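Peer 1: With the input below, show me the fold.
(chains A and B, ligands or ions: 2)
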Amino acid sequence: MTGDAVIKVEDLHTGFGDHLVHDGLNLEVRKGEVLGVVGGSGTGKSVLLHCIIGLKKPWSGCIEVLGQRVLDLEPPERSALEARWGVLFQDGALFSSLTVAQNIQVPLKEHLNLNQRLMDEIAMIKIGLVGLPPEAGRLYPAELSGGMRKRAGLARALALDPEILFLDEPTSGLDPIGAARFDALIGRLRKTLDFTVFMVTHDLDSLNAICDRIAVLADKRVVVIGDMQQMLNERHPWVLEYFHGPRARSAGLLKPGR
Amino acid sequence: MAEESTSTTTAHQTQRNPAWVKFNNGGMIELGGCWTISEAERLDKELMVIHDGASTKFIFNLSGLERLDTAGAWLIHRTRKSLESGGAEVILEGMKPEYGILLDEVAANDQSPPPLPHANQLLEWVAHTGEMTLDALARARDFLGFFGLVILTLSRSVSHPARLRIVPMIHHMEKVGLNALPIVGLISFLIGVVIAYQGASQMKQFGAEVFVVNLIAVSILREIGILLAAIVIAGRSASAFTAQIGAMKVNEEIDAMRTLGLDPIEVLVLPRLLALVLAMPLLAFFADMIGLLGGGLMTWIVLDIRPDQFIERLSDAVSLWSFWIGIIKAPFFAVIIALVGCYEGFQVGGSAESVGHMTSRSVVESIFLVIVADAIFSIFFQLAGV
Ligand SMILES: Nc1ncnc2c1ncn2[C@@H]1O[C@H](COP(=O)(O)OP(=O)(O)OP(=O)(O)O)[C@@H](O)[C@H]1O
Ligand SMILES: [Mg+2]
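Peer 2: Ligands and ions are numbered 1, 2, ... in the order given. Next up, the predicted model:
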């Protein structure tokens, strides 16, 4: 699954006011891999994601996605690039005045010209794919539970069968069974659609089950990136605590006696 | 699965070939190219040609496929399903294993949404009208309930003055009162000018120019000053109250408040209500003065009535009552505006759209109720003989 980088972040500096969030951050995501991004609360994972998809302008640095520099794209090129990725925001960010099915159809309407019947059918498939019941398509976001909202957001991110999937904590708020199904779904879909996944997560099970590599955000930059084995051998104090804590043990990452 | 030997396919293997579909004799169907969502509309139409009568056995040859996504897989699955339901046998050939996974995935999630209930148009219209009427009545009752709740909370707070939130109240007074001064002043001034000018051109015909002062004084002090102030505040503050409280409702902040033992009425409604009740008479007074100023200036210009003459005439023309009648109405209008603004804020549902809907409703309703109240006051003062 190696290949050229689909996302390349170089020497990124970001902040709010006089609060520096990223200080010279470098990151490369390879084609076809699932990259898990971990880090403590407030270390700037969501901000990094927002920078990559061009929602936040960094102070300095260079960001390339699918070979294009997102920071200096003209609107039509931007829109074409946006059709090639799907984003699940941390809090779902569904359009509250549209039903779930209509939410899924927003990117279809924006980027393609499909007839309504086909859009309805595609929306229905996506609804099923993320594990929502068919009736959910007609509900408004306010009528959904937190976990259902997350699934609906994922369905919208998947609407265009994107090449890159950005997920901000996709399994938080899902029950363990739902979270495991989600992992399995990502695993199955990537086999057939060969997309790249950039996933912010705290879920050790997800990290273990589907991530090819893991990037750890600490001290305002990516301190280490590599597979699970590398994480377990890393000596950075935060990484040590994260991957050797009691939760890591119960997730079965550590062999007993290690 | 045997490879198709008769095929004329797969001449070009470069990335991103457009999708194609070819119908051969005897139910042989060849698919190729990139079957992705961007081609779905065209493929949807092309696949319509196939119908189950053509053959009893269909063979789909997928060996030409270069790329398949869920939309493409759905189209294949849908065609296959409709053929099978027509009694034909369908076989897929030459398929890469990963496409099989995707087709299975799509097949597993082929769940038609439950049908919408269908009803008679006329019946629906009648039902809709009935619903609207009941809804309006229920809202009126609800609003009265809210009014009662606010009064109750107010009386409780007054007996424990420590619970009155003075700082938020001052903050709201600044927002609804002080910050509204420029716009209220400007509008009153211009209306004063207009009344003086129009009045002068009419009164001139009878040689009764001096009565323009009466006209200005009575109309501005009794009605126009306070009404203008109330309408401007309804537009500015009722909408702001609804949007603020509504956005908090959407964010579940109101629920959070309740669980923390805070009473939303006490925290959100009372400061706004009291601020408006205190600010409104001051605004009305300000509107009166600026309106008179505009009128006076205009009479000076068109009728040559000097300011000192204007003031002298003014004290003859109107009793102090005319002034008080305007000011007395102010707190009542303030209560209407604040209550409607806050009430509609609490009515917001979960969506951003409903914030907008309730905000425009609160403006329309508060202006309407202010004018109704003004009419009632007119009748009342008429009967009371002032
Ligand atoms: N809009 C904003 N304005 C000011 N500061 C912000 C803003 N958004 C984020 N921050 C700051 O940036 C930092 C990084 O925030 P970010 O949301 O990326 O954290 P995170 O790593 O995603 O945390 P979590 O795991 O809790 O989601 C935080 O310190 C936060 O205070
Ligand atoms: Mg975050």
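Peer 1: Correct me if wrong, but A:F198 is in a strand.
Peer 2: Yes - under DSSP: H, G, I helix; E, B strand; the rest coil, A:F198 sits within a strand.
Peer 1: in chain A, what spans have low per-residue confidence?
Peer 2: Chain A contains residues with pLDDT under 70 at A:1-3, A:252-258.
Peer 1: I'd like to know which residues of chain A are adjacent to ligand 2.
Peer 2: Chain A comes close to ligand 2 at residues A:46, A:90, as judged by Cβ under 5 Å from the ion. Backbone N, C-alpha and C define where each C-beta goes, glycine included.
Peer 1: quick check: longest strand of chain B.
Peer 2: In chain B, ranked by residue count with DSSP state E as the criterion, the top strand is strand B:57-68.
Peer 1: Could you check that strand and say which residues are buried?
Peer 2: B:58-68 (16 or more other Cβ atoms under 10 Å in any protein chain shown).
Peer 1: wait, does that strand contact chain A?
Peer 2: Yes - for strand B:57-68, a contact with chain A is found by Cβ under 8 Å from any Cβ of the partner chain, at B:L68.
Peer 1: returning to what we had before: wait, which of the buried residues of strand B:57-68 is closest to chain A?
Peer 2: Distance to chain A, by Cβ to the nearest Cβ, is smallest for B:L68 among the buried residues of strand B:57-68, at 7.2 Å.
Peer 1: How about that closest one: which residues does it bridge to?
Peer 2: Bridge pairing for B:L68 (DSSP bridges) gives the partners B:W35.
Peer 1: Correct me if wrong: it contacts B:G100.
Peer 2: No - counting by Cβ atoms under 8 Å, B:L68 does not reach B:G100; the two are 10.2 Å apart.
Peer 1: who in the stretch 1-150 of chain A is up against ligand 1?
Peer 2: Residues of the stretch 1-150 of chain A lying close to ligand 1 by Cβ under 6 Å from any ligand atom are A:16, A:21, A:39, A:41-47, A:90.
Peer 1: Around whatever residue of chain B ends up closest to ligand 1, count how many other residues there are.
Peer 2: Chain B approaches ligand 1 most closely through B:N251 (15.7 Å), counting by Cβ to the nearest ligand atom. Per other Cβ atoms under 10 Å in any protein chain shown, the neighbour tally for B:N251 reads 10.
Peer 1: quick one, phi psi at it?
Peer 2: Main-chain dihedrals, B:N251, degrees, to the nearest 10: phi -80, psi 0.
Peer 1: For it, give its distance to ligand 2.
Peer 2: Going from B:N251 to ligand 2 by Cβ to the ion, to the nearest Å gives 17 Å.
Peer 1: ok, that residue - contacts?
Peer 2: When the contact criterion is Cβ atoms under 8 Å, 6 or more residues apart in numbering or on different chains, B:N251 has no partners at all.
Peer 1: got it, and A:A152?
Peer 2: A:92, A:94, A:100, A:103-104, A:127, A:130, A:132, A:136, A:141, A:144.
Peer 1: Dump the buried residues of strand B:57-68 to CSV, plus pLDDT and distance to ligand 2.
Peer 2: As requested, the buried residues of strand B:57-68 are exported to CSV (pLDDT from 0 to 100; distance: Cβ to the ion, whole Å):
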residue, pLDDT, distance to ligand 2
B:F58, 80, 50
B:I59, 82, 51
B:F60, 82, 45
B:N61, 83, 47
B:L62, 81, 42
B:S63, 82, 45
B:G64, 80, 44
B:L65, 82, 39
B:E66, 83, 37
B:R67, 82, 33
B:L68, 85, 34
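Peer 1: Checking the residue nearest to A:Q68 when sequence neighbours are not counted next. Helix, strand or coil?
Peer 2: In space, and not counting its chain neighbours, A:Q68 is closest to A:L81: 5.9 Å by Cβ to Cβ, 6 or more residues apart in numbering or on different chains. At A:L81, secondary structure determined by three-state DSSP is helix.
Peer 1: A:L81 is in contact with A:V70, isn't it?
Peer 2: Yes - between A:L81 and A:V70 a contact is recorded at 7.1 Å, counting by Cβ under 8 Å.
Peer 1: gap between the residue of chain B closest to ligand 1 and B:I166?
Peer 2: Look at B:N251 and B:I166: by Cβ to Cβ, to the nearest Å, they are 26 Å apart.
Peer 1: One more: A:T43?
Peer 2: 41 Å.
Peer 1: Residue 111: neighbour count?
Peer 2: Unless you meant another one, I'm taking chain A. If you count neighbours by other Cβ under 10 Å, A:H111 ends up with 17.
Peer 1: should've been chain B
Peer 2: Burial of B:Q111 is recorded as 15 neighbouring residues (other Cβ under 10 Å).
Peer 1: got it, and B:K81?
Peer 2: Here the number of neighbours of B:K81 (other Cβ under 10 Å) works out to 13.
Peer 1: try A:R117
Peer 2: 9.
Peer 1: Figure out the helix or strand that it lives in.
Peer 2: Per DSSP states H and E, A:R117 falls inside helix A:116-129.
Peer 1: between the helix or strand just after that helix and helix A:116-129, how many degrees?
Peer 2: Next along the chain after helix A:116-129, taking DSSP H and E as the criterion, comes helix A:146-157. Counting by axes from the mean of the first three to the mean of the last three Cα atoms, to 10 degrees, helix A:146-157 lies at 130 degrees to helix A:116-129.
Peer 1: and the next element down the chain from helix A:146-157?
Peer 2: Criterion used, DSSP H and E; the element after helix A:146-157 is strand A:164-168.
Peer 1: List the pairing partners of that next one within its sheet, with orientation.
Peer 2: For strand A:164-168, pairing defined by DSSP bridges yields strand A:85-88 (parallel), strand A:196-200 (parallel).
Peer 1: Now the element after the last one, going C-ward?
Peer 2: Of the helices and strands lying after strand A:196-200 in sequence (DSSP H and E), the nearest is helix A:204-210.
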